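**Student:** Need coordinates for the below:
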Amino acid sequence: MTFPPFARRSLYLFVTCCTLAACFGDSNAQQRAMAPPANATTPAGSQNGAPVIRSLPDFVPLVEHYGPAVVNVEVVQKTDYPWRGSVAITVNPEQSKTFSVFVRIPNRTTSKLYKESPAITGVKQLTVNGEPHTPEIRKGYAVITREWKAGDRIELELPMEPQRIAADERIVADAHQVAFKYGPLIYNVETADNQQIHRKVSDAPLRAEWRPDLLGGVMVITGQWADGSPLLAIPNFARMNRVGSPPEYPSEREDNRSINSKVWI
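**Tutor:** Just a heads-up that it's a prediction; the model follows:
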């Protein structure tokens, strides 16, 4: 496999366990760090008498069939998530059948130790074949039970906007600092985009901006530092791609190491 230049990053990155908790702390434990393909098609097989959709990214993990027969179901997903919140799912059973489709509704609450602002949760809207639909929510999934026929379409809009994260005061390492989040993604500030990253952030509004020219195409977060200078943050998964690798594993005794990327600022 050949990786583009931006895929080569530094071998080591100093992070706290709190950073890792924030990166992977979706209470549904199904966060995705990378965007799924724009078009994902997954056939369903049979498991314990019920058709199960296997490995569809994030949104439709299974289909539950009520009846003695098993029906093969193709599901086609089109989305730019996690860059944008629009998701379209086409359900194509080989024959019309009544069954339930479970659509995951992400819970963005990291844990009781972190507070996101503004608070974002749930789904903005959900339609079936263009008609508004209010599904039952069961353990983090919207359950849509109906007779499905080929071409039936589920569309949902997930709320997406930049958030600030503050840690509980008992987490001393992150005291009086803030981290950024967009959808399921944690963000870093880096010296490649900001001359100085060891400073405070202002309360100016944060904005999400698509940058096709940066790191293969990412949604960045823009804002301002406390001194009024522009701030730019990139997704955590793309961190440390614009600096050289360290010559050897750095020692914990090295107090003068250069930090080029940070989550908590």
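
**Student:** May I ask which helix or strand of the chain has the lowest mean pLDDT?
**Tutor:** Here the helix or strand of the chain ranked lowest by mean pLDDT, DSSP states H and E is helix 17-24, holding a mean of 32.

**Student:** Any stretches of this structure with poor pLDDT?
**Tutor:** 1-70, 245-257 (pLDDT under 70).

**Student:** start to end distance for stretch 106-123?
**Tutor:** End-to-end distance of stretch 106-123: 8 Å, with Cα to Cα, to the nearest Å as the criterion.

**Student:** Sort out which residues of it are buried, please.
**Tutor:** For stretch 106-123, burial by neighbour count (16 or more other Cβ atoms under 10 Å) applies to 106, 108-110, 114, 116, 120, 123. Using the backbone N, CA and C atoms, a C-beta is placed for each residue, glycine as well.

**Student:** need these in TSV with distance to I197 and secondary structure, can you?
**Tutor:** TSV is the format used below for the buried residues of stretch 106-123 (distance: Cβ to Cβ, whole Å; DSSP: H, G, I helix; E, B strand; the rest coil):
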residue	distance to I197	secondary structure
P106	29	coil
R108	25	coil
T109	27	coil
T110	22	coil
Y114	21	strand
E116	21	strand
I120	26	coil
V123	35	coil
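
**Student:** which residues sit in contact with R207?
**Tutor:** 162, 221-223 (Cβ atoms under 8 Å, 6 or more residues apart in numbering).

**Student:** Nearest to E136 among these?
**Tutor:** Closest to E136 out of the contacts of R207 is P162 (30.8 Å), distances taken as Cβ to Cβ.

**Student:** I'd assumed K181 was in contact with that closest one.
**Tutor:** Yes - if you go by Cβ atoms under 8 Å, P162 and K181 touch, sitting 7.3 Å apart.

**Student:** Looking at these two, which has the bigger crowd around it?
**Tutor:** More neighbours surround K181 than the other of P162 and K181, with 26 against 22 (other Cβ atoms under 10 Å).

**Student:** hmm, back to that, max pairwise distance over the buried residues of stretch 106-123: which two?
**Tutor:** Y114 and V123 (21.8 Å).

**Student:** Mind listing the residues bridging to the residue nearest to V76 when sequence neighbours are not counted?
**Tutor:** Take V76 and drop its neighbours on the chain: the residue closest to it by Cβ to Cβ, 6 or more residues apart in numbering is T90, 4.3 Å away. Beta-bridge partners of T90, counted by DSSP bridges, are V76, R153.

**Student:** so how far is V73 from W148?
**Tutor:** 8 Å (Cβ to Cβ, to the nearest Å).

**Student:** which stretches of the stretch 51-200 of the chain form strands?
**Tutor:** 62-65, 73-79, 86-93, 97-104, 114-117, 125-128, 131-132, 136-138, 141-148, 152-157, 162-167, 179-182, 185-190 (DSSP state E, counting those that start in this stretch).

**Student:** Summarise which helices and strands the fifth one is packed against.
**Tutor:** Contact analysis of strand 114-117 by 3 or more Cβ pairs under 8 Å, 6 or more residues apart in numbering; DSSP states H and E lists strand 162-167 as its packing neighbours.

**Student:** number of nearby residues for V218?
**Tutor:** V218 has 20 neighbouring residues, counting by other Cβ under 10 Å.

**Student:** Just to check, it is in contact with L232?
**Tutor:** No - V218 is beyond contact range of L232, at 10.7 Å (criterion: Cβ under 8 Å).

**Student:** neighbour-wise, which of the contacts of R207 leads?
**Tutor:** I221 (24 neighbours).

**Student:** Which residues are in contact with each of W148 and V73?
**Tutor:** Taking Cβ under 8 Å, 6+ apart as the contact rule, the neighbours common to W148 and V73 are 91, 93, 99.

**Student:** now, among those residues, which is nearest to D174?
**Tutor:** Nearest member of these to D174, counting by Cβ to Cβ, is V91, at 43.3 Å.

**Student:** Identify the residues contacting that closest one.
**Tutor:** By Cβ under 8 Å, 6+ apart, the contact set of V91 is 73-75, 101, 148, 150, 152-154.

**Student:** Domain-wise, how is the chain divided?
**Tutor:** 5-25+161-262, 39-157 (automatic domain parsing).
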